[in-house]
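1. What follows is a protein structure lacking sequence information:
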């Protein structure tokens, strides 16, 4: 009995790891994408479809929404390999990022930053 429960739990965790950790949220700014704990996600104008151009200190300030080798692209959600070899989730080809100055779910302080960072929208 315990072994069956453990197998079921392992399967559930494995299936969950395959899905993009992204949700949609309605905000005063309209619908946006968030990570699985409600932190706002952003896109970078200097990225190219399927390629991140935010590296080094940029990635320290704008952490990529990391994917794992077990994750799989699905529909509009894809996975790109960054220059540093880290896997990153994308939406419609645009790599997704967090902003280090957003402190709690619902914060959107990175929107419009430097004229090149914008909330990710469905």
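-> The structure has been received and is ready for your questions. Fair warning: this is a prediction, and the values are worked out from it, not measured in the lab. Residues are numbered from 1 along each chain as shown.
2. Bridge partners for residue 48, pull those for me.
-> Judged by DSSP bridges, the bridge partners of residue 48 are residue 51.
3. distance of it from residue 93?
-> From residue 48 across to residue 93, the span is 8 Å (C-beta to C-beta, to the nearest Å). Backbone N, C-alpha and C define where each C-beta goes, glycine included.
4. Quick check on the two: which one has the bigger neighbour count.
-> Neighbours were tallied for residue 48 and for residue 93 using other C-beta atoms under 10 Å; the higher tally belongs to residue 93 (14 against 11).
5. ok, now which ones touch the residue most central in space within the chain?
-> When the chain is reduced to its mean C-alpha position, the nearest residue by C-alpha atoms, centre = their mean turns out to be residue 65, at 3.5 Å. Shown in contact with residue 65 (C-beta atoms under 8 Å, 6 or more residues apart in numbering): 21, 22, 35, 41, 88, 89, 95, 96, 97, 98.
6. so of those, which ones are in strands?
-> 22, 35, 88, 89, 95 (DSSP state E).
7. Show the pLDDT at the closest residue to the third one other than its chain neighbours.
-> By that I understand residue 88. Sequence neighbours aside, residue 64 is the residue nearest to residue 88 in space, at 4.0 Å (criterion: C-beta to C-beta, 6 or more residues apart in numbering). What the model reports as pLDDT for residue 64 is 98.
8. quick one, strands of this protein?
-> So, for the chain - with DSSP E - the strands run 22-27, 30-35, 42-44, 77-81, 87-91, 94-95, 117-119.
9. right, and residue 34 touches residue 108 too?
-> No. Taking C-beta atoms under 8 Å as the contact criterion, residue 34 and residue 108 are not neighbours in contact, 9.7 Å apart.
10. Common neighbours of those two, please.
-> Taking C-beta under 8 Å, 6+ apart as the contact criterion, the common neighbours of residue 34 and residue 108 are residue 40.
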